[in-house]
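In: I'd like to go over a predicted model; first the sequence, then the structure.
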Amino acid sequence: MRDFSYLRANSFEEASSAAAMPATMLLAGGTTLIDLAKCGVTNPERLVDITHLDGFDAVTVDAEGASIGALAKMSRVAADPSILENFPAVSEALWQAASAQIRNMATIGGNLLQRTRCAYFRDPASFPACNKRVPGSGCSAMEGVNRGHAVLGTSQACIATYPGDLAAALVAFDAIVHLGGRKVAIDDFFLLPGATPHQEHAIQPGEMITAITIPASVAARHSTYLKVRDRQSYEFAAASAAVGIELEADRETIRDIRIGLGGVATKPWRARAVENALRGKVLEPDIVKSASRLAVEGAIAHGGNHYKIELAPRVVERAILKSGALA
Amino acid sequence: MTIVDTRMKHGNASDGLLGGRLARVDGPAKITGAADYAMEYFPEGMVYAVIIDSTIASGRVVALDTAAAEACPGVLLVLTPDNALPIRTATGWMGEPPPPVPYDPLAREITFAGQHIAAVIAETFEQATAAAALVKATYEETTPISSFDDPRSGEGNPVDMMTMEWGDAEAALVTAPVQIEQEYRTPREYNVPIEPHGLIAHWEGDMLTLWEPSQWIDGMSRAYAEWFGIPFENVRMRSPYIGGGFGSKAFPTRYGAVAAIAAKMLDRPVKLAVTRPQTFTAFGGRPATRQTIALGATREGKLLSIVHKGANETSMNDVVVEPLGSVTSIMYATPNFSSRQNIVPVNTVKPGPLRAPGENPSAFGIECAIDELAYEVGIDPLDIRLLNYAEEDPHAKKPWSTRRLREAYAAGAEAFGWAKRSPGVRSMREGRQLVGYGVAAGTYPVRRTPGEAMVRILSNGTIEVASSSIDMGQGTYTILAQTAAEAIGVPVETVVVKLGDSSLPRAPVAGGSQLANLMTGAVHKAALAARDELIGLAINDPNSPFRDLQANTLTIEGGQISSPRDTGSALGIAEVMRRTGRERIEALRNTLPEELQDEKERFRNYTTISTMLSPTEGDYSLHSWCVHFVEVRVDADFGTVRVARMVSALDSGRLYNPKLAESQWKGGIIMGIGQALLEEGLVDPRNGHVMNNNLGDYLVPTNADIPDLQVISVGVPDTHASVLGGKAVGELAIVGVGPAIANAVYHATGIRVRDLPITLEKLI
């Protein structure tokens, strides 16, 4: 039997020191960890259950922004009225993620850390080659079934898509990941695969996500999350976009725009080229359309995922026009 | 009231009679969790088997290192081809005698990825799972042919028995004023019932008990008996409830043999639960298909010729035919016709039946092609179907028993509002949503096998119905209770139906949409016999209060026996049984013809499909019919297709319980929406693996994908088709959904997608 030890942490300090031990993983909602353990992808010697820690599930919103405890459940954050009012893209991203059952179990901290759905990553018995699982072993997806794989942020070593919805919204609005006392900008928290796709996050042994803060902004208040997929529920994005807009007093010039992409990149993707092309411009369909093309600058397809290069700009365009109408 | 009246009202006592809208009698047990499924049985001393599958698709296993697994705590046995108890090959499903060779459920020669090569049996499931991961197989691998898109698979092998021809189709095609030709494709599709497969095998001496979800208890029991060389009666299979099968739980499996071998070798009950990924390779789903259809027609759209060539994938060593000409050959009248079919061996598991095998992909081809012809000649897609309406079976040249397809077109078009369709493609839209209307027809044959049933009248007035047929959600428990209640004249609440146990009277396969018709026929016959005996008892028994009336007959209504001449004398059944001192009345009846009544033929009837009558045996051609009208919304930028509404009109003959029939129809339609838009086995060409072998990645529709579905029954009782007038229900409604949606997508976008599923990248 694959034995592991189980420790229920009663304090943050206890969790941190346990998490510093080798071959140890933190257990929250378990929706990724248990799944991957069954697939034979993760095989921790020690699980530290953090779900009984007090004080890590609060959701507060004030003039500065939102603070979301790492142990808050996805469904609760999605339904929080002040999140809905001040960060509608965050609420919408959560509602469109996973299934009702998973949203009721999964925590915000765990949601950020969810692993890719790359089928080659998830099947070590049949596909030994996976650089994310076994560094240097190769990539089975590059020449394989890769309809869902990334076109942005890829490397020679890995094209696995970061699957989450929430992080696409967080990256658009410059959220901060709190690791106890240390704060990391969300764009820096997620790492590009490069030659080291097994390193996905800027999280150190012994560190634990304690909260996420999102600075308040006008753009965040006028934001939306658009997710495109074949199935209308319980499917990962073919392409998605979180967009927030702040207009000038003239109600047509873009003062600020934030765009995060999901489903197309190896990490939650900030479409800065599109933002830069539109800041100061008039919010007008033709301008938006041509600027949206910049969302896939440098994109590389591997066969099955070529359509994403066509689809992603269209999703960005529609999301911009939709959030512009809200602004 | 005659037995053929369909009751339209519901919410009263007549719900319990035939044609009433009685809710499923097993519903409360299922929704409260009280219904124990086969795999929820825990015999004393049970141990757990976990199957190990090949990770290559072609080659052979040269070594299996089992030492590490054997050393694991709790491990009782690592079963391999070298140490497995030898068993014999069983009779095939058509009754073909088995070759005199051993049956090897564990393979050395590998012909597909996911083939069982070993099994670990341990005290706990977790121990077995962990040990199984330590069994190391060494392979000699050869390059697989992973699909029929691999050029090395070639054109495949012709299946001559599938050839159908009349007139001179090729000549008529080339001279036709209008000619169109296209290829239509469907991918590998999987049954994915929510209850995965598996079994518990338990030997007591040479008696074998199997708890296993099964669509065919007697057929599967026969295989187990023959594998181990024990009498059929020594096998007891129990399958009280089944969480969906859709064709995949009807046949004996290799993992079933593995569990029974392990249980015998260890002398412990063995539970083997197939994992969800294994449900994609432990048995096969629908094979991938391709068809070329050429239509020749007049400029007015009247068909002159159909030339059809089809092919489906099969496994390397099996002949599996998905009959692609089955709808092509009967849907439309044409003076010239030709249909041929090949099968293409590839490195895949042996394909299996999946809801409407044959008719389903066949209809996708012809129902898209006729739609293409309608646009080509510029007439309405509904009108072209009426223009080419087949007034008799064009292939068998026999009259239809009933074909209410014209009525279905009319009723469906009216309810849908087909007349509001604007003829041009891309001519209807709402904002960025392109709106399209589509129509397609479907059909499924009436298959007939005789059945049998026991009906008992117990001393307390309870009526018991017993059969080894099964209920996989389609409502067998319910309609058989209704049948007995109606035939005897008792409230349905007093009827207890026992199913899913091989110790009960025998039944043929619950497949091909035949079970409801054959079992209602058998129960009706047995129930009338029991009723006759009860009335005889009441008239003749010296202790019966009715004896003095010297009546020729008595009536039974609402469970009360009375004389037609003296209704004041009514007595309950229990009271008559008590006064006459009878413990029970039993009637075992079957619907076998005289020549099948001897024991050997009776056994053959229930354990093979060799006695099943084809739909054209006899004076008529027997089929159910349907038409689907669909409105889709296609996002002009994203290519996403949403079914906005759907109206289907169906002719399944008489409905024994409209509520349940409608539910089955809707289930088929929902499955058809999944087939049209979502379902596709994605195979890695390098090693033949099904990459989306789980319910997170193999997409079936969610509630959000399904609009309100309107279903309209246009059937009338068809007593040529069955004793009580029903035709096929369960497999009918999926047929035609895929082409109706594809046709609607074309109308919306001007893009003709001829390969399912219609995923977004095909439309952007």
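Out: Noted; the coordinates are in hand.

In: So which bits of the stretch 151-300 of chain A are right by chain B?
Out: A:228-235, A:238 (Cβ under 8 Å from any Cβ of the partner chain). All C-beta spots, glycine's among them, are computed from the backbone N, C-alpha and C.

In: if you set the cut-off to 7 Å instead, what comes out?
Out: Neighbours of chain B within the stretch 151-300 of chain A, by Cβ under 7 Å from any Cβ of the partner chain: A:228, A:230-235, A:238.

In: okay if I get these as a markdown table plus secondary structure, distance to B:T55 and pLDDT?
Out: Shown next, in a markdown table, are those (DSSP: H, G, I helix; E, B strand; the rest coil; distance: Cβ to Cβ, whole Å; pLDDT from 0 to 100):
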| residue | secondary structure | distance to B:T55 | pLDDT |
| --- | --- | --- | --- |
| A:V228 | strand | 34 | 98 |
| A:D230 | coil | 29 | 97 |
| A:R231 | coil | 29 | 98 |
| A:Q232 | coil | 35 | 97 |
| A:S233 | coil | 33 | 97 |
| A:Y234 | coil | 29 | 97 |
| A:E235 | coil | 27 | 97 |
| A:A238 | coil | 29 | 98 |
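
In: Whichever of the residues you listed end up buried, select them in PyMOL.
Out: In PyMOL, this line selects whichever of these come out buried by 16 or more other Cβ atoms under 10 Å in any protein chain shown:
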select buried, chain A and resi 228+230+231+232+234+235+238
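
In: need the contact list for the residue of the stretch 601-750 of chain B found nearest chain A.
Out: Relative to chain A, the nearest point of the stretch 601-750 of chain B is B:A704 (3.9 Å; Cβ to the nearest Cβ). B:A704 makes contact with A:232-233 under the criterion Cβ atoms under 7 Å, 6 or more residues apart in numbering or on different chains.

In: Mind doing that once more with 10 Å?
Out: Applying Cβ atoms under 10 Å, 6 or more residues apart in numbering or on different chains to B:A704 gives the contacts A:231-234, B:642.

In: try B:F232
Out: If you count contacts by Cβ under 10 Å, 6+ apart, then B:F232 has B:218, B:221-222, B:224-226, B:502, B:506, B:603, B:606-607 around it.

In: what do you get if the cut-off is 7 Å, keeping everything else the same?
Out: B:221-222, B:225.

In: What is the nearest of those to chain A?
Out: Nearest to chain A among the contacts of B:F232, with distances taken as Cβ to the nearest Cβ, is B:S221, at 33.2 Å.

In: Kindly state the pLDDT recorded for the closest residue to the closest one other than its chain neighbours?
Out: Nearest non-adjacent residue to B:S221, counting by Cβ to Cβ, 6 or more residues apart in numbering or on different chains: B:V235, 4.4 Å away. Per-residue confidence at B:V235 stands at 98 (pLDDT).

In: Quick check: which helices or strands does whatever helix or strand A:R103 lives in pack against?
Out: Element membership for A:R103 (DSSP states H and E) is helix A:100-105. Counting contacts by 3 or more Cβ pairs under 7 Å, 6 or more residues apart in numbering or on different chains; DSSP states H and E, helix A:100-105 is packed against helix A:74-79.

In: buried sites along the helix it packs on?
Out: Per 16+ other Cβ under 10 Å, helix A:74-79 contains these buried residues: A:74-78.

In: Equivalent analysis for stretch B:342-352, please.
Out: B:342-352.

In: wait, which of those is closest to B:T555?
Out: Comparing the buried residues of stretch B:342-352 against B:T555 with Cβ to Cβ places B:G352 closest, at 49.0 Å.

In: So for that closest one, what's the nearest residue that isn't a sequence neighbour?
Out: B:G284 (4.2 Å).

In: next one: B:N590
Out: B:E452 (3.5 Å).

In: which residues touch the one you found?
Out: B:505-506, B:522, B:588-590.

In: can we see that at 8 Å?
Out: By Cβ atoms under 8 Å, 6 or more residues apart in numbering or on different chains, the residues touching B:E452 are B:467, B:505-507, B:522, B:526, B:588-592, B:606.

In: can you check B:G114 too?
Out: B:53-54, B:278, B:280-282, B:349, B:689-690 are the contacts of B:G114 under Cβ under 8 Å, 6+ apart.

In: ok so, going back, I'd like the contacts of B:E452 as TSV, with neighbour count appended.
Out: Output for those, formatted as TSV (neighbours: other Cβ atoms under 10 Å in any protein chain shown):
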residue	neighbour count
B:S467	27
B:P505	22
B:R506	21
B:A507	29
B:A522	29
B:A526	29
B:L588	15
B:R589	21
B:N590	20
B:T591	20
B:L592	19
B:Y606	28
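
In: just checking, which of those residues belong to strands?
Out: B:588-590 (DSSP state E).

In: I'd say A:L226 and A:A237 touch.
Out: No: A:L226 lies out of contact with A:A237 (Cβ atoms under 8 Å); the separation is 9.3 Å.

In: Between those two, point out the one with more neighbours.
Out: A:A237 (28 against 25; other Cβ atoms under 10 Å in any protein chain shown).

In: Assign a three-state SS to B:G568, would you?
Out: strand (DSSP: H, G, I helix; E, B strand; the rest coil).

In: Spatially nearest residue to it (excluding sequence neighbours)?
Out: Nearest non-adjacent residue to B:G568 (Cβ to Cβ, 6+ apart): B:S562, at 7.9 Å.

In: Could you report the neighbour count for that neighbour?
Out: 20.

In: And A:F190, how close does it get to B:N234?
Out: 62 Å (Cβ to Cβ, to the nearest Å).

In: correction: B:V319
Out: In terms of Cβ to Cβ, B:V319 sits 32 Å off from B:N234.

In: Give me the more crowded residue out of the two.
Out: B:N234 (17 against 11).

In: so what's B:T143 up against?
Out: With Cβ under 8 Å, 6+ apart, B:T143 has these contacts: B:S58.

In: So it, which state does it fall into?
Out: Taking three-state DSSP, the label given to B:T143 is coil.

In: Hmm, B:S315 and the residue nearest to B:G352 touching each other?
Out: Yes: with contact taken as Cβ under 8 Å, B:G284 and B:S315 are classed as touching, separated by 7.2 Å.

In: before we move on, the earlier item: give me the three-state assignment for the residue of the stretch 601-750 of chain B closest to chain A.
Out: helix.

In: Likewise for B:G20?
Out: coil.

In: I'd guessed it sits against B:N657; true?
Out: Yes: using Cβ under 8 Å, B:G20 is in contact with B:N657, at 6.5 Å.

In: what's whichever helix in chain A runs longest packed up against?
Out: Using DSSP state H to define each element, chain A has its longest helix at helix A:307-326. Counting contacts by 3 or more Cβ pairs under 8 Å, 6 or more residues apart in numbering or on different chains; DSSP states H and E, helix A:307-326 is packed against strand A:223-228, strand A:239-247, strand A:254-262, helix A:285-292.

In: which of those sits most buried?
Out: Burial of these is given as mean neighbour count (mean count of other Cβ atoms under 10 Å in any protein chain shown); strand A:239-247 ranks first at a mean of 28.
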